[in-house]
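> This is a predicted model, with the sequence first.
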Amino acid sequence: MSLRPLFPQTRLRRNRYSKVVRDMVAETSLSAADLIMPLFVCPGEKVKNPIKSMPGNDQLSVDMLVEKCKELYASGVKSVLLFGIPESKDEDGSVATHEHGIVQKATRAIKEVLPEMYIIADICNCEYTTHGHCGTIIDGDVDNDSTLVTLSAQAVSLAEAGVDMVAPSDMMDGRIAHMRAALDENCFEKMPIMAYSAKYASGFYGPFRDAADSAPQFGDRSTYQMDPRNSDEAIREVEMDIAEGADIVMVKPALSYLDVIYRTKHEFNTPVAAYNVSGEFSMVKAAQERDWIDGNRVMMEIMTSIKRAGADIIITYHAQEVAEILNKK
């Protein structure tokens, strides 16, 4: 290849002067079909509790959640990820396995009114345990193998309630294989699993813990969530989840881990989801409220960066706003 200068014969700006051409040669596309909206369901009726650290998001009772799903569906967001806030908690999260658990109730209510809405249930124990950790505590630590039993029972219960997909977020070793076996044994072999495969012990989760009332009452989650310094380990986690039967793998958070999204997509060529988490969302909103940034422009740039890195699916609290902008194009 010649090293002589290509300019002025080659001018890369030529393809940028017209919006029509810019759209023609764009390498990354974003659509409402890529988006999943996380929602928080709580007990009661006509409840809409604003989440102060996440502007525009609320804890919703089942009836209000159904109305929100109608609104989302009309905007083009066809999938939601449900998190439950139960009336009471217990030591091991067994309350999440009950037939009349809060997410089970919400699922049946949504499906009755809006059967086309695709419902994904987060599978974890942190919202349901008195101590706020993601599993059963034995000798002061989260016990991996006993936690698998509760998680799998939760997945089966939610499948029976009518969810379309389960998404284990606990980061216990072996949970995908255990859950896959439990679902298959209960005639849910068609139920897909979206695994939180590379979930980091991140400081970006703060607002979520307010929303889901899930902050740990002691210690932290660094013994089971991933060390932010590691990416090779993330690839090992993803590889194990795929081998155990995960249909979609996830990287969480998204923005500080775009390199992990990229590596995951290119090393495995499998469907990849990325979770644009609460802290990432709230920072944009806080800066927008102070007129420090053009919030919509930054939001769309963030979404595009996540898609460009290799994510096929983006879970984001911006979902409805993004869909509404895309609808206007």
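Nice, thanks for sending it over.
> For the stretch 201-329 of the chain, which segments count as strands?
Ranges of strands within the stretch 201-329 of the chain are 248-252, 272-276, 313-316, based on DSSP state E, counting those that start in this stretch.
> swap in the stretch 1-150 of the chain?
35-42, 48-50, 58-61, 79-84, 118-123, 137-138, 141-142.
> Tabulate those in JSON lines, adding columns for distance to Ala155.
In short, each C-beta sits where N, CA and C put it, glycine included. Converted to JSON lines, the strands of the stretch 1-150 of the chain look like this (distance: least, Cβ to Cβ, whole Å):
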{"stretch": "strand 35-42", "distance to Ala155": "17"}
{"stretch": "strand 48-50", "distance to Ala155": "27"}
{"stretch": "strand 58-61", "distance to Ala155": "23"}
{"stretch": "strand 79-84", "distance to Ala155": "13"}
{"stretch": "strand 118-123", "distance to Ala155": "5"}
{"stretch": "strand 137-138", "distance to Ala155": "21"}
{"stretch": "strand 141-142", "distance to Ala155": "18"}
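> Identify whichever of the ones you listed lies nearest to Asp247.
In terms of Cβ to Cβ, the element of those nearest to Asp247 is strand 118-123, at 11.6 Å.
> Make JSON lines out of the strands of the stretch 201-329 of the chain and add mean pLDDT and distance to Gln9.
Output for the strands of the stretch 201-329 of the chain, formatted as JSON lines (pLDDT from 0 to 100; distance: least, Cβ to Cβ, whole Å):
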{"stretch": "strand 248-252", "mean pLDDT": "98", "distance to Gln9": "41"}
{"stretch": "strand 272-276", "mean pLDDT": "98", "distance to Gln9": "39"}
{"stretch": "strand 313-316", "mean pLDDT": "98", "distance to Gln9": "39"}
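> So for Val21, which of the ones you listed sits nearest?
In terms of Cβ to Cβ, the element of the strands of the stretch 201-329 of the chain nearest to Val21 is strand 313-316, at 26.4 Å.
> what stretches of this protein score poorly on pLDDT?
Low-confidence segments of the chain, defined by pLDDT under 70: 1-4, 132, 212, 214, 218-219.
> and the longest helix for it?
Looking across the chain with DSSP state H, the single longest helix is helix 144-161.
> Going C-terminal from that helix, what's the next secondary structure element?
The helix or strand immediately downstream of helix 144-161 is strand 165-168, counting by DSSP states H and E.
> just checking, next helix/strand downstream of that following strand?
For strand 165-168, the following helix or strand on the C-terminal side (DSSP H and E) is helix 175-185.
> starting at the chain centroid, how far to that next one?
In terms of Cα atoms, centre = their mean, to the nearest Å, the centre of helix 175-185 is found 20 Å from the chain centre.
> Show me what that helix packs onto, helices and strands only.
Contacts defined by 3 or more Cβ pairs under 8 Å, 6 or more residues apart in numbering; DSSP states H and E place helix 175-185 against helix 144-161, strand 165-168, helix 232-244.
> who's in contact with it?
Helix 175-185 has contacts (Cβ atoms under 8 Å, 6 or more residues apart in numbering) with 123, 147-149, 151-153, 155-156, 159, 166, 168, 189, 191, 193, 195, 240-241, 244-246.
> Which other helices and strands does the helix or strand following that helix contact?
Next in sequence after helix 175-185, counting helices and strands by DSSP H and E, comes strand 194-199. Judged by 3+ Cβ pairs under 8 Å, 6+ apart, strand 194-199 is in contact with strand 165-168, helix 232-244, strand 248-252, helix 258-268.
> Let's see that with 10 Å instead.
Helices and strands touching strand 194-199, by 3 or more Cβ pairs under 10 Å, 6 or more residues apart in numbering; DSSP states H and E, are strand 118-123, strand 165-168, helix 175-185, helix 232-244, strand 248-252, helix 258-268, strand 272-276.
> Show me what the longest helix of the chain packs onto, helices and strands only.
Counting contacts by 3+ Cβ pairs under 10 Å, 6+ apart, helix 144-161 packs against strand 79-84, helix 102-113, strand 118-123, strand 137-138, strand 165-168, helix 175-185.
> Only the buried residues of that helix, if you could.
Within helix 144-161, the residues scored as buried using 16 or more other Cβ atoms under 10 Å are 144, 147-159, 161.
> mind saving the C-alpha coords of it as CSV?
What follows is helix 144-161, C-alpha atoms only, in CSV (Å, rounded to 0.1, in the frame of the first residue of the first chain):
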residue,chain,number,x,y,z
ASN,A,144,-24.0,-20.4,46.2
ASP,A,145,-25.6,-23.8,45.9
SER,A,146,-28.6,-23.4,48.3
THR,A,147,-29.4,-20.1,46.5
LEU,A,148,-29.7,-22.0,43.2
VAL,A,149,-32.7,-23.9,44.6
THR,A,150,-34.6,-20.7,45.3
LEU,A,151,-33.7,-19.0,42.1
SER,A,152,-34.9,-22.0,40.0
ALA,A,153,-38.1,-22.2,42.0
GLN,A,154,-38.7,-18.5,41.3
ALA,A,155,-38.1,-19.0,37.6
VAL,A,156,-40.6,-21.9,37.4
SER,A,157,-43.2,-19.9,39.3
LEU,A,158,-42.9,-17.0,37.0
ALA,A,159,-43.0,-19.2,33.9
GLU,A,160,-46.2,-20.7,35.3
ALA,A,161,-47.6,-17.1,35.7
